[in-house]
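A.B. asks: model this:
(2 chains)
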Amino acid sequence: MTTNNSREENQSSLKDIVSAKVSRRGVFAGIGGLGAAALLASCGSGGSSSGGKSGALRWGNWPLYLDFDSKTKKYPSLEAFIKKTGIDTQYFEDYNDNDEFFGKVQAQLKLKKDIGYDIVTPTDWMAARWIRLGYTQKFDMANVPNGANILDTLANPSYDPKREQSLTWQGIMSGFGWNTAKNPKGIRTLDDLFAPQNKGKIVVLSELRDTIGIILLAQGVSPEKVTEDQYMNAVDFMAKKIADGWIRGVKGNEYAQDLTSGDATAVIGWSGDMFILASENKGKFDFAIPESGGTISGDNLMIPYTATAEAKKNAEALINYYYDPAVAAQVAAYVNYVCPVKGAQAEMEKIDPELAKSEYIFPTAKTLANLHVFRSLTTDEETSWTEAFQKAAGN
Amino acid sequence: MGKNRTPYLLLLPGFAFLFTFFILPIINLAQTSTQTKIAGGDTGQYEQTLHFRNYIDAFVANKEQFGRSFLYAIISTLLALAISYPLAYAIAFKAGKYKNLLLVLVVAPFFTSFLLRTIAWKQILGEEGFVVPTLRSLGIISQSTTLTSTSFAVVMGMTYNFLPFMTLPLFASIDRIDPRTLEASGDLYANGYTTFRKVTLPLSMPGVVAGTLLTFIPAAGDYVNASILGDPTTKMIGNVIESRFFKIVDYPTAAALSFTLMAAILILVTLYIRKAGTEELV
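C.D. replies: Numbering: from 1, shown residues only, chains lettered A, B, ... in the order given. Alright, predicted model coming up:
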């Protein structure tokens, strides 16, 4: 998958979208004037100001992860939902970090006390932990018929094989990103990545499922079924590349700054960030899913078991609403991650035909077939595998 | 009676603060440090088993980062001292009416966040900053040498970030030196060097000790510089503790490492103060 060159023709519309927002992982860095300003502007609860029974539905989501109109300071799709259903919805952009959020609500969850949210949006591995601990409620499938629209690739994660208690909010692809001047031929394999011109200028993701997932795939191992030995072997591979001076950093989204500053020339990175980088620096950066396969993960809509029956019903209505292809397209036109809803691409044609062609938002079936989901880990694995990865990263 | 109670009442807020925000967390940390995983428990679930081996295991597994932390902290403290002493001396004795202005300039960086200043250094030392291309064109560093993601950048960042902590106490004690003592030294035929060695330096020792402590202690526990300006081979013990707490969710090891770091710093500092022998501080 490469950036769509024909997009340049329609650069203005794309630029409008890009400049109107910052990827949520970009905001994670806590820097960048635009991000901070936009964050401040959109901070706190959105949704209805109609008052009445407050907290009929409370949704905690990552910052800048829902279509937002900077003029009206409202979330158009959410406003439409409130208008349509009359459900008083409070939207909180305060899910900033999986560990931090979990730490914040865990004590109440243990005591079965209200955590202040009826929908939360944890990333796959954290979603797995919630489910494992029994902190979520199963959907009443009759209330979420649109759930069937989920992309096949995301439909059967090992932590929730039938998607009975979680649905992907947005999907995140990871693959290779590179500076096109230093890597004119592009990067498709690990050998391309570890080519002499990139020595000492490679950054890989601190998300072990993505970095190790891609290494595993290159070694012919499926992340869906990886064993401990295979995993440790891949971690050793990374550790060796660090020791030999190939990899300069194991980082979160900061790799994007390293690419722009020239300190990094090739990365294992996320599609959404690379979309912004490629759009803002015409032709300077590119992104591709490795030939041997990339990984896809997602943030998941889930209902905590502390939500009341009424709130649960409202939450299901909202989740169902966002799985309507037309609504999903509206969100996708703003959020540059993989849209998890089938049929949204056709709807996107009506909003922005150019974006409907974007492989970043709507990967082709061929690309999707080459994306893998890291299997969920047992508690002990989660600890020891993370430990091994962190050790390799110098921690 | 009331008269005698007053000092204790005055101490109360401070003591209450220390108790709540220092003593209690320390006790909690100590309890955590000897816990072990509950068999079959989930991530982050630990129980008290008085497993003191945690300390040995944690230290052995991370002695490299411990060594690095102290090495970097010592180097940056010495560098900060070497830079700050002449600076503080000049401000105290030679700055005249600019004294206050210069002091403000020393403190000025504090008006910007620690994090932002460190990130700024990353850009300054980055490939597209002006430093690297300049040094390359002058042939001082090779074409392939980079400055970010090196131990050099980490130590430099620490030196820079903690410099005011060194400069201010040094200034305070140098400024207090009575110029007449220096004149007396000259009258007794001491040259400039001897005057410095026999008069200025001993009289400024409290500043040197305070400055080095204020620099060394936070530097040894710092992890911001290593994570922003370093690479995986320059990680310090602070990075390990952060990763243990938040990523691996291994609270006992993180707690044990924190205690070990505290103890190591305490021992080093005690030895140092004894050696430096300044009653004014202890």
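
A.B. asks: hey, let's count contacts and neighbours off CA atoms from now on
C.D. replies: OK.

A.B. asks: Tell me the residues on the stretch 51-200 of chain B that lie near chain A, please.
C.D. replies: B:123, B:126-128, B:148-149 (Cα under 8 Å from any Cα of the partner chain).

A.B. asks: With pLDDT, neighbour count and secondary structure added, can I get those residues in CSV?
C.D. replies: Formatted as CSV, these follow (pLDDT from 0 to 100; neighbours: other Cα atoms under 10 Å in any protein chain shown; DSSP: H, G, I helix; E, B strand; the rest coil):
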residue, pLDDT, neighbour count, secondary structure
B:Gln123, 87, 21, helix
B:Gly126, 87, 23, coil
B:Glu127, 85, 21, coil
B:Glu128, 81, 14, coil
B:Thr148, 86, 23, coil
B:Ser149, 88, 25, coil
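
A.B. asks: Which helix or strand contains the residue of the stretch 51-200 of chain A found nearest chain B?
C.D. replies: Closest approach of the stretch 51-200 of chain A to chain B (Cα to the nearest Cα) occurs at A:Asp99, with a separation of 6.5 Å. Here A:Asp99, judged by DSSP states H and E, is contained in helix A:98-110.

A.B. asks: returning to what we had before: pull the most distant pair out of the residues of the stretch 51-200 of chain B next to chain A.
C.D. replies: B:Glu128 and B:Ser149 (14.4 Å; Cα to Cα).

A.B. asks: For chain A, which residue occupies the most central location?
C.D. replies: A:Ile172 (3.8 Å; Cα atoms, centre = their mean).

A.B. asks: Can you list the low-confidence ranges for the stretch 151-282 of chain B?
C.D. replies: B:277-282 (pLDDT under 70).

A.B. asks: where do the helices sit along it?
C.D. replies: With DSSP state H, counting those that start in this stretch as the criterion, the stretch 151-282 of chain B has helices at B:151-175, B:179-187, B:192-195, B:201-221, B:224-229, B:237-242, B:251-276.

A.B. asks: B:Glu47 falls within a helix, correct?
C.D. replies: No: counting by DSSP: H, G, I helix; E, B strand; the rest coil, B:Glu47 is not part of a helix but strand.

A.B. asks: With chain A as the reference, measure out to it.
C.D. replies: Note on B:Glu47: its distance to chain A, by Cα to the nearest Cα, to the nearest Å, is 16 Å.

A.B. asks: Can you give me every residue that contacts that residue?
C.D. replies: B:35-38 (Cα atoms under 8 Å, 6 or more residues apart in numbering or on different chains).

A.B. asks: List the contacts of stretch B:178-196.
C.D. replies: Outside of stretch B:178-196, the residues within contact range by Cα under 8 Å, 6+ apart are B:199-200.

A.B. asks: Which residues belonging to that stretch are considered buried?
C.D. replies: B:182, B:185, B:190, B:195 (16 or more other Cα atoms under 10 Å in any protein chain shown).

A.B. asks: Any idea how far that stretch is from the middle of the chain?
C.D. replies: 33 Å (Cα atoms, centre = their mean, to the nearest Å).

A.B. asks: wait, what's in contact with B:Thr215?
C.D. replies: By Cα under 8 Å, 6+ apart, the residues touching B:Thr215 are B:73, B:77, B:162-163, B:165-166.

A.B. asks: Run through chain A and note the low-pLDDT ranges.
C.D. replies: In chain A, residues with pLDDT under 70: A:1-55.

A.B. asks: and the contacts of B:Glu47 as TSV, adding neighbour count, distance to chain A and pLDDT?
C.D. replies: Formatted as TSV, the contacts of B:Glu47 follow (neighbours: other Cα atoms under 10 Å in any protein chain shown; distance: Cα to the nearest Cα, whole Å; pLDDT from 0 to 100):
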residue	neighbour count	distance to chain A	pLDDT
B:Gln35	23	15	95
B:Thr36	20	13	93
B:Lys37	18	10	90
B:Ile38	14	11	89
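
A.B. asks: Which of these sits closest to B:Tyr55?
C.D. replies: For the contacts of B:Glu47, the nearest to B:Tyr55 is B:Gln35 (10.8 Å; Cα to Cα).

A.B. asks: Next to chain B in this structure, residues from chain A, please.
C.D. replies: A:99, A:133, A:242-243, A:248-250, A:261-263, A:379-380, A:382-384, A:386-387, A:390, A:392-395.

A.B. asks: from the residues you listed, which ones fall inside helices?
C.D. replies: Residues of these located in helices (DSSP state H): A:99, A:242-243, A:261, A:379-380, A:382-384, A:386-387, A:390, A:392.

A.B. asks: Let's see the ChimeraX selection covering just the buried ones among the residues you listed.
C.D. replies: Buried subset of these, written as a ChimeraX selection, criterion 16+ other Cα under 10 Å:
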select /A:242,243,261,379,382,383,386,387,390,392
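
A.B. asks: residue contacts, residue 238?
C.D. replies: If you meant another chain, say so; for now it's chain A. A:Ala392.

A.B. asks: right idea, wrong chain: chain B
C.D. replies: B:221-223.

A.B. asks: Please convert the residues you listed to CSV, extending it with distance to A:His372 and neighbour count.
C.D. replies: Listed next are the contacts of B:Gly238 as CSV, based on distance: Cα to Cα, whole Å; neighbours: other Cα atoms under 10 Å in any protein chain shown:
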residue, distance to A:His372, neighbour count
B:Gly221, 39, 21
B:Asp222, 38, 18
B:Tyr223, 34, 22
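
A.B. asks: Show me what the host helix or strand of A:Ala346 is packed against.
C.D. replies: Assigned by DSSP H and E, A:Ala346 falls within helix A:344-351. Under the contact criterion of 3 or more Cα pairs under 8 Å, 6 or more residues apart in numbering or on different chains; DSSP states H and E, helix A:344-351 touches helix A:325-332, helix A:353-356.

A.B. asks: Next, the angle helix A:344-351 makes with the first one.
C.D. replies: Orientation check (axes from the mean of the first three to the mean of the last three Cα atoms, to 10 degrees): helix A:325-332 against helix A:344-351 gives 70 degrees.

A.B. asks: Report all helices and strands that helix A:325-332 contacts.
C.D. replies: Checking 3+ Cα pairs under 8 Å, 6+ apart, helix A:325-332 ends up next to helix A:76-85, helix A:344-351.

A.B. asks: any chance of those helices in a markdown table, with mean neighbour count too?
C.D. replies: As requested, the helices and strands packed on helix A:325-332 are exported to a markdown table (neighbours: other Cα atoms under 10 Å in any protein chain shown):
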| stretch | mean neighbour count |
| --- | --- |
| helix A:76-85 | 16 |
| helix A:344-351 | 18 |
